[in-house]
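Undergrad: Sequence first, predicted model second:
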Amino acid sequence: MSQSPDNSQQTLTAEDEQYIPNIDPAHENPKELLNYVKQVQDFEDEVQEEIDAMIEKELEKEIMSEMEKEKNIEEEEDSEDEDKWFPDYNNCACCHGFVYKCQGKTCMAMGQCYCKMKDDLEQEMEKCACDKNEGEENKNGVIVIN
């Protein structure tokens with residue numbers, strides 16, 4: 001739609017007119033009136049579908065943008081970890097405490113030095129063993145609760 005020079009009225013452009021049904025509702029013929037109503041409803045349905053598609057597309061863009069931001073944050077955190085020195089692993093002949101910068105083939109495949117991976121797995125196994133025994137009696141007849 002375009003506005004008239006005095007900005008008081010809106011006028012229809014040729015593009016706008018293509019969306020307007022051709023039947024004049026002033027006709028008294030009920031069939032023509034019902035047909036007009038059906039055309040208007042169909043038009044409204046088409047417009048609503050277009051609006052829904054546009055909204056869905058914008059939501060997808062927003063979700064993808066948020067996912068990209070989260071990915072970038074994770075990558076920044078990972079790169080910070082790569083440069084981080086862990087004094088507990090200072091004596092490791094492989095990484096010398098830089099557990100995420102280890103250049104050994106196996107370590108690179110695991111994403112961290114073997115020394116750190118070993119400790120992580122041992123901690124996980126201890127946790128699993130504790131969970132497994134929870135609620136059971138130990139050798140002394142005491143029920144284990146964590």
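TA: Thanks, I have the structure now. Numbering: from 1, shown residues only.

Undergrad: Show me the domain layout of this structure.
TA: 25-82, 85-128 (automatic domain parsing).

Undergrad: Buried deepest among these, which one?
TA: Across the domains of the chain, averaging neighbours per residue (mean count of other Cβ atoms under 10 Å) puts domain 85-128 on top, at a mean of 14. Heads up, the C-betas are built off the backbone N, CA and C, glycines and all.

Undergrad: pLDDT averaged over it - what is it?
TA: Per-residue pLDDT over domain 85-128 has a mean of 86.

Undergrad: Now the terminal residues of that domain, how far apart.
TA: This stretch, domain 85-128, spans 28 Å end to end (Cα to Cα, to the nearest Å).

Undergrad: by contact count, what packs against whichever strand or helix holds Glu56?
TA: For Glu56, the host element (DSSP states H and E) is helix 30-82. For helix 30-82, not one helix or strand is in contact under the criterion 3 or more Cβ pairs under 8 Å, 6 or more residues apart in numbering; DSSP states H and E.

Undergrad: Heading C-terminal from it, find the next helix or strand.
TA: Counting by DSSP H and E, what follows helix 30-82 is helix 105-110.

Undergrad: which other residues reach that following helix?
TA: Cys94, Cys95, Cys102, Cys113, Tyr114, Met117 (Cβ atoms under 8 Å, 6 or more residues apart in numbering).

Undergrad: Closest one to Glu124 out of those, please.
TA: Of all the contacts of helix 105-110, the one sitting nearest Glu124 is Met117; the distance, using Cβ to Cβ, is 10.5 Å.
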